[in-house]
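Student: Predicted model and sequence follow; I will ask about them next.
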Amino acid sequence: MIVLLIGFSAFANLLPLQSGLEMQKPTHNEYPLHPLLKARWSPRAFDSRPIDSDQILSLFEAARWSPSGGNNQPWGFVLFTAEDGDARRQIEDALTGNNREWAPRAPLLVLAVALPHPSKGGIGPYSYYDLGQAVAHLTVQATSLGLFVHQMAGFEASKARQAAGLPDHVEPMVVMAIGHYGDIANLPEALRARELALRVRKPIAEFVFQARWGQPINLVTAPVSSPSQIPS
Ligand SMILES: Cc1cc2nc3c(=O)[nH]c(=O)nc-3n(C[C@H](O)[C@H](O)[C@H](O)COP(=O)(O)O)c2cc1C
């Protein structure tokens with residue numbers, strides 16, 4: 001039987017106001033977690049200062065070394081910075097909902113696209129699976145560089161296609177806002193509250209099973225009983 005903690009969301013819903021590089025959004029993990037995974041989160045308050053070119057290349061080096069089915073690497077990325085003028089304005093215009101309010105401040109917007117898997121004859125589930133994994137690698141690398149990544153499905157695909165001049169055989173999946181953490185005071189009030197809201201997750205017991213779907217896992221661990229004992 002697994003012993004799970006009840007999350008802390010029930011008794012704490014806002015973080016103390018912080019801004020600047022040191023902005024941390026606690027990950028209330030119940031079991032040990034690598035510091036880079038613990039530090040990653042998706043902010044909306046970006047600083048507009050540009051990212052060093054070698055850091056940008058390092059992000060895509062991380063994506064490059066991600067595993068993929070048959071080593072097909074069915075991913076592609078189109079970068080948009082302030083220097084890209086009209087194309088940058090077009091990708092910003094492709095964003096929908098409140099993504100339009102915060103994401104344009106990020107110095108780097110990246111359109112991530114899925115490519116066909118050669119063996120499958122087109123874009124299939126493993127195109128999406130592999131692209132997602134490459135982006136996951138990229139987010140961890142970004143964290144190691146003190147950068148933040150916020151993925152967005154909230155964009156109009158046809159406008160993004162137009163902005164990037166995408167060929168028909170590739171499929172846009174997300175736009176990513178990437179940059180350093182900025183000043184929360186620049187966010188509209190409604191988004192400021194979301195920026196400060198606690199991060200929550202389903203308990204492990206809801207999605208990990210033993211031998212049969214729905215069957216509790218057969219592991220016994222020492223419970224962590226107070227926030228001061230949360231493992232890093
Ligand atoms: C595929 C995907 C699409 C997302 N789309 C949006 C989006 O359009 N707008 C937004 O504000 N956040 C978006 N997010 C961010 C998620 O809301 C966020 O990752 C989730 O709430 C967990 O928060 P965390 O990343 O800080 O742990 C998206 C994330 C993913 C992976």
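Tutor: Arrived safely, thanks for sending. Residues are numbered from 1 along each chain as shown.

Student: Provide the backbone phi and psi angles at residue 174.
Tutor: phi -140, psi 160 (degrees, to the nearest 10).

Student: ok, and the closest non-adjacent residue to it?
Tutor: residue 151 (4.6 Å; Cβ to Cβ, 6 or more residues apart in numbering). Glycine gets a C-beta too; all of them are placed from N, C-alpha and C.

Student: wait, doesn't the one you found sit right on residue 136?
Tutor: No: the criterion here is Cβ atoms under 8 Å, and residue 151 misses it with residue 136 at 9.9 Å.

Student: hmm, back to that, adjacent strands (with direction) for the helix or strand harbouring the residue nearest to residue 174?
Tutor: Element membership for residue 151, per DSSP states H and E: strand 148-152. In the sheet containing strand 148-152, its partner strands are strand 171-179 (antiparallel), by DSSP bridges.

Student: Enumerate every residue touching the residue nearest to residue 208 when sequence neighbours are not counted.
Tutor: In this structure, residue 208 finds its nearest non-sequential neighbour in residue 217, 5.5 Å apart by Cβ to Cβ, 6+ apart. By Cβ atoms under 8 Å, 6 or more residues apart in numbering, the contact set of residue 217 is 2, 204-205, 208-210.

Student: tell me the two of those that are most distant?
Tutor: Largest separation among these by Cβ to Cβ: 204 and 210, giving 11.7 Å.

Student: Show me the domain layout of this protein.
Tutor: Listed domain ranges for the chain are 1-12+22-28+198-222, 39-196 (source: automatic domain parsing).

Student: ok so, going back, number of residues surrounding the residue nearest to residue 174?
Tutor: 19 (other Cβ atoms under 10 Å).

Student: can you check residue 45 too?
Tutor: 23.

Student: My read is that it contacts residue 177, right?
Tutor: No: taking contacts as Cβ under 8 Å, residue 45 lies outside contact range of residue 177: 10.6 Å.

Student: shared neighbours of these two, anything?
Tutor: With Cβ under 8 Å, 6+ apart, residue 45 and residue 177 have common neighbours residue 102.

Student: gap between the two ends of stretch 185-205?
Tutor: 38 Å (Cα to Cα, to the nearest Å).

Student: Buried by neighbour count: which residues of that stretch qualify?
Tutor: Buried residues in stretch 185-205, counted by 16 or more other Cβ atoms under 10 Å: 186-187, 191-192, 195-196.

Student: Rounded mean pLDDT for stretch 68-83, please.
Tutor: The average pLDDT for stretch 68-83 rounds to 97.
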